[in-house]
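Colleague: I would like the atomic coordinates for the input below:
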Amino acid sequence: MSADTSLSALKTFVVAALSSFLCECYKPHLN
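Modeller: Now for the predicted structure:
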């Protein structure tokens, strides 16, 4: 596996984790 592929996969994972984390953080404020 090339470094570009793993870097791209890592970025995707980080973005997904951050989105989920931010959603959980801001959900209480929306109610």
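
Colleague: Give me the distance between residue 16 and residue 9.
Modeller: The spacing between residue 16 and residue 9, counted by C-beta to C-beta, to the nearest Å, is 11 Å. Yep, even glycine has a C-beta here, placed from its N, CA and C like the rest.

Colleague: Kindly report the same for residue 29.
Modeller: Here the criterion is C-beta to C-beta. By it, residue 29 lies 31 Å from residue 9.

Colleague: more neighbours, the two?
Modeller: Applying other C-beta atoms under 10 Å to residue 29 and residue 9 shows that residue 9 carries more neighbours, namely 11 against 6.

Colleague: phi, psi of the more buried one?
Modeller: Per-residue torsions, residue 9: phi -70, psi -40 (degrees, to the nearest 10).

Colleague: Give me the distance between it and residue 3.
Modeller: 11 Å.

Colleague: what's the answer for residue 25, then?
Modeller: On the measure of C-beta to C-beta, residue 25 and residue 3 end up 32 Å apart.

Colleague: All the helices of this protein, in order from the start?
Modeller: Under the criterion DSSP state H, the chain carries helices at the ranges 3-30.
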